[in-house]
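Asks: here are the coordinates; sequence isn't available:
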C-alpha cells in the first residue's frame, strides 16, 4: 500500500507527527522516495492527513534529526542517502565496512609518502619521535560520494624490506589487504577514540559539505597478532552520512 493511502489513528497513543514520520521513513526504506527526491511539503501533509502545520513540521524535523532528509528554505525536504553504520566491536578496513553494508567503496586523491613521525603518531605506534613512517592520505568514497578523509601512518619497521605501495595501487584497493598480501601482516586489534569537530574550508571542499559542518573524528591505533602497533589512522567522517554503532550486552 502506498505510504499515503491510509489515514492516521487520531485516537491512539502514538503522536500524529510520529505516525507521519514513520510512514515517510518506511516509504524511503522501500524506495518510494529515492535519494535526491523531494518529500511532500508541510502543506501537502496537512491536506493529506488533516493535521496542523505544527504537526507536519514536527514530522519532517524529526526525519532531519535522524539524518534521513535535509530541509532547505525554498527547496523543500530532500531525501538523503542512507547513513553508513560502522560497528565498534570489530576492526575492519573501510572497504570491508562498505561492502558489508552493500555500498561500493572507493578512494580518490591518494598520496603515499615517507615521513618522520610526529609526537602523536609516534606515541600511538610506540616508537621514538622522528622515526620513519609511511603516510597514506586518501579521500574515502561510498558509492562514488565522498564520505571521509583519512591519514594513515604505518610503522615502517615491521614492514621490513617489502616494496611500498603506490598511490595508484591503494586507489584500487584496501590498505589492510595490501598489508596482508604484500607484507604478511594482519591487523587483529586496537583502540579507537571518537570525538566531534567541524569542517574547515579545505576539508569542506573535499567532502562537498558546508564550512563548519559537523564531523566525526575517529583515531585508531591498530596492532598485529604479536601486539605490535602497525597503523595509526585519523579519519574525519561526514556526520550527515556516517554514524557509529555500538552493540551492548548487560552482564
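Replies: Cool, the structure landed. Keep in mind that this is a model prediction, so the values were computed, not measured. Numbers count the residues shown, from 1 in each chain.
Asks: Relative to the whole chain's centre, how far out is the longest helix along the chain?
Replies: Looking across the chain with DSSP state H, the single longest helix is helix 16-30. Relative to its chain's centre, helix 16-30 lies at 23 Å (CA atoms, centre = their mean, to the nearest Å).
Asks: Could you do stretch 172-192 as well?
Replies: 20 Å.
Asks: what distance separates the start and the end of it?
Replies: 26 Å (CA to CA, to the nearest Å).
Asks: Please list the outside residues in contact with that stretch.
Replies: Stretch 172-192 is contacted from outside by 88, 91-96, 105, 107, 136, 152, 154, 158-160, 162-163, 165, 169-170, 218-225, 227, 230-231, using CB atoms under 8 Å, 6 or more residues apart in numbering. For glycine as for every other residue, the C-beta is placed from the backbone atoms N, C-alpha and C.
Asks: Could you list the buried residues of it?
Replies: By neighbour count on 16 or more other CB atoms under 10 Å, the buried set for stretch 172-192 is 174, 175, 176, 178, 179, 183, 185, 187, 190.
Asks: same check, this time on stretch 207-214
Replies: By 16+ other CB under 10 Å, the buried positions in stretch 207-214 come out as 207, 209.
Asks: Any idea what residue 105 is bridged to?
Replies: Counting by DSSP bridges, residue 105 is bridged to residue 142.
Asks: thought it was touching residue 99?
Replies: Yes. Taking contacts as CB atoms under 8 Å, residue 105 lies within contact range of residue 99: 6.4 Å.
Asks: Who has more neighbours out of these two?
Replies: For residue 105 versus residue 99, neighbours defined as other CB atoms under 10 Å are more numerous around residue 105 (19 against 14).
Asks: and the more buried one, how far is that from residue 172?
Replies: Residue 105 sits 11 Å away from residue 172, taking CB to CB, to the nearest Å as the criterion.
Asks: now residue 228
Replies: Distance, residue 228 to residue 172, by CB to CB: 27 Å.
Asks: Could I get the pLDDT score of residue 84?
Replies: pLDDT recorded at residue 84 is 63.
Asks: Which helix or strand contains residue 62?
Replies: Here residue 62 sits within helix 53-65, counting by DSSP states H and E.
Asks: Give me the contact list for the following helix or strand past that helix.
Replies: Counting by DSSP H and E, the next helix or strand C-terminal to helix 53-65 is strand 69-72. For strand 69-72, contacts defined as CB under 8 Å, 6+ apart pick out 39, 60, 61, 63, 64, 77, 78, 79, 80, 240.
Asks: Just send those back as CSV, with neighbour count, distance to residue 16 and pLDDT too.
Replies: Below are the contacts of strand 69-72 laid out as CSV (neighbours: other CB atoms under 10 Å; distance: CB to CB, whole Å; pLDDT from 0 to 100):
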residue, neighbour count, distance to residue 16, pLDDT
39, 21, 17, 89
60, 23, 13, 90
61, 15, 14, 88
63, 22, 15, 87
64, 16, 18, 84
77, 24, 18, 88
78, 16, 23, 86
79, 20, 22, 86
80, 18, 24, 80
240, 19, 27, 81
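Asks: Any chance of those in a markdown table with distance to residue 125 as columns?
Replies: Putting the contacts of strand 69-72 into a markdown table (distance: CB to CB, whole Å) gives the following:
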| residue | distance to residue 125 |
| --- | --- |
| 39 | 47 |
| 60 | 47 |
| 61 | 45 |
| 63 | 43 |
| 64 | 41 |
| 77 | 46 |
| 78 | 43 |
| 79 | 42 |
| 80 | 37 |
| 240 | 32 |
